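K.L.:
Structure for the following, please:
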Amino acid sequence: MIGIIKYQAGNLASVSNALDRLGAKYFISDKIEELEKADGIIFPGVGHAAAAMDDLRSRDLDVWLKNTKKPVLGICLGMQLLYESSEEGNCETLGIIPGRLKKFDASKAKVPHMGWNVFEPLVEHHLIKGIGNNQFLYYVHGYYAPANDYTLATCKYIKDFAAVVAKDNFMGVQFHPEKSGQVGSHLLQNFLDMVNGRMQKTAAN
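P.N.:
Predicted coordinates:
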């Protein structure tokens with residue numbers, strides 16, 4: 001069972017529709033005691049980083065997220081909030097992955113980066129298994145995460161930035177898999193397979 005975190009920056013309808021298409025079981029909640037019952041967590045996001053963090057803090061979801069051992073998939077702003085801080089609102093974020101979100105230079109290209117683009121895989125990981133550098137995904141963002149040791153794939157718009165990241169049980173994608181057609185569905189299924197594999201391993205123990 002997947003728990004989708006409900007907060008003011010969550011893109012809940014399109015994420016739930018994508019899970020419906022995959023036949024996945026899920027629920028939407030902003031209550032820690034309910035999210036604790038999930039096997040995996042999707043952390044969606046659209047909007048402003050500082051406002052999103054304020055909303056998470058008001059429900060103590062920031063502390064819970066930082067400490068959960070469940071598989072977590074951050075989407076767009078949800079991925080960005082996994083980092084230490086953001087230039088958007090000059091705010092501190094969750095601090096799970098090192099790095100600071102920066103704004104694209106609007107003097108060099110149109111901002112936000114919006115539309116279909118590819119990514120370049122750097123590290124093998126089950127989340128991006130079966131997805132190569134010629135398959136397009138849908139991006140909408142004005143801020144980007146610089147690539148670092150936790151970057152699984154990069155995308156180029158003005159400059160290279162982190163498109164897919166992972167650290168321990170936390171994963172994130174800058175694009176919107178729920179709006180990226182068959183390729184996005186494939187990535188979501190990869191995440192579901194990882195969650196189900198963890199469930200089976202736990203049951204075996």
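
K.L.:
if I read this right, Gln189 contacts Arg21, doesn't it?
P.N.:
No - Gln189 is beyond contact range of Arg21, at 10.1 Å (criterion: Cβ atoms under 8 Å). No exception for glycine: its C-beta is placed from N, CA and C like everyone else's.

K.L.:
Can you tell me which residue sits nearest the middle of the protein?
P.N.:
Nearest to the mean C-alpha position of the chain, by Cα atoms, centre = their mean, lies Gly74 at 2.0 Å.

K.L.:
what are the bridge partners for that one, then?
P.N.:
Beta-bridge pairing for Gly74 (DSSP bridges): Phe43, Gly172.

K.L.:
dump the residue contacts of it.
P.N.:
Residues counted as contacts of Gly74 (Cβ atoms under 8 Å, 6 or more residues apart in numbering) are Phe43, Gly45, Gln80, Leu81, Leu82, Phe170, Met171, Gly172, Val173.

K.L.:
7 Å instead, please
P.N.:
Under the criterion of Cβ atoms under 7 Å, 6 or more residues apart in numbering, the neighbours of Gly74 are Phe43, Leu81, Leu82, Gly172.

K.L.:
and the first one, what is it in contact with?
P.N.:
So the one you mean is Phe43. Ile5, Val72, Leu73, Gly74, Ile75, Gly78.

K.L.:
on that earlier part again, Gln189 and Arg21: who's more crowded?
P.N.:
Gln189 (16 against 11; other Cβ atoms under 10 Å).

K.L.:
Against His176, how distant is Gly184?
P.N.:
According to Cβ to Cβ, to the nearest Å, Gly184 and His176 sit 7 Å apart.

K.L.:
Identify, by residue count, the longest helix of the chain.
P.N.:
helix 181-204 (DSSP state H).

K.L.:
Report the distance from that helix to the chain centre.
P.N.:
15 Å (Cα atoms, centre = their mean, to the nearest Å).

K.L.:
Could you pull out the buried residues of that helix?
P.N.:
183-192, 194-195, 198 (16 or more other Cβ atoms under 10 Å).

K.L.:
and what of stretch 59-70?
P.N.:
Quick answer for stretch 59-70 (16+ other Cβ under 10 Å): Leu61, Asp62, Trp64, Leu65, Thr68, Lys70.

K.L.:
ok, the third one touching Ile32?
P.N.:
Yes - contact criterion Cβ atoms under 7 Å: Trp64 and Ile32 qualify, at 4.9 Å.
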